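# structure of the sequence below:
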Amino acid sequence: MTSDELIQLRREKWHVNGNPVRTLDDARSFIESVGFCLTYPSQPPMSLPTFLGAWHGSDERLPQHRAFLDPRARDATDLMVRLLRD
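Prediction:
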């Protein structure tokens, strides 16, 4: 496997390839698939999946500093809480 193939595989598995997680079933499948993820992107960036990135379907231009207060994170956080309660 080449480096580019690994990057592409991660992008697909982590849902940052334009295929966002939007439903409770999608969120459950994402967590089962990756096993572990950060809620928000870290600073400095690490090569780990994030729930916020999966929700947005991209790892570009995600809120970093104080991400939990960013309005773009609200729906992702709501879905994550629903998943935890389920």
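# just how off-centre is stretch 11-24 within its chain?
Remark: stretch 11-24 is offset 7 Å from the chain centroid, using CA atoms, centre = their mean, to the nearest Å.
# now do the same end-to-end measure for that stretch.
One end of stretch 11-24 sits 20 Å from the other (CA to CA, to the nearest Å).
# shaky segments in the chain?
65 (pLDDT under 70).
# try 50 this time
By pLDDT under 50, the chain has no low-scoring segment.
# please enumerate the helices of it.
Here the chain has its helices, by DSSP state H, at 3-13, 24-34, 51-56, 74-85.
# of all those helices, which lies closest to Tyr40?
Closest to Tyr40 of these is helix 51-56 (CB to CB; 5.2 Å). C-beta here means a position set from N, CA and C on the backbone, and glycine is covered the same way.
# may I see the buried residues of that closest one?
Phe51, Leu52, Gly53, Ala54, Trp55, His56 (16 or more other CB atoms under 10 Å).
# reformat those residues as CSV; add distance to Gln64.
Output for these, formatted as CSV (distance: CB to CB, whole Å):
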residue, distance to Gln64
Phe51, 15
Leu52, 10
Gly53, 12
Ala54, 16
Trp55, 15
His56, 13
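# need the winner for burial among the helices of the chain.
Scoring those by mean neighbour count under mean count of other CB atoms under 10 Å gives helix 51-56 as the most buried, with a mean of 25.
# for that one, enumerate the helices and strands it packs against.
On a contact count with 3 or more CB pairs under 8 Å, 6 or more residues apart in numbering; DSSP states H and E, helix 51-56 meets helix 24-34, helix 74-85.
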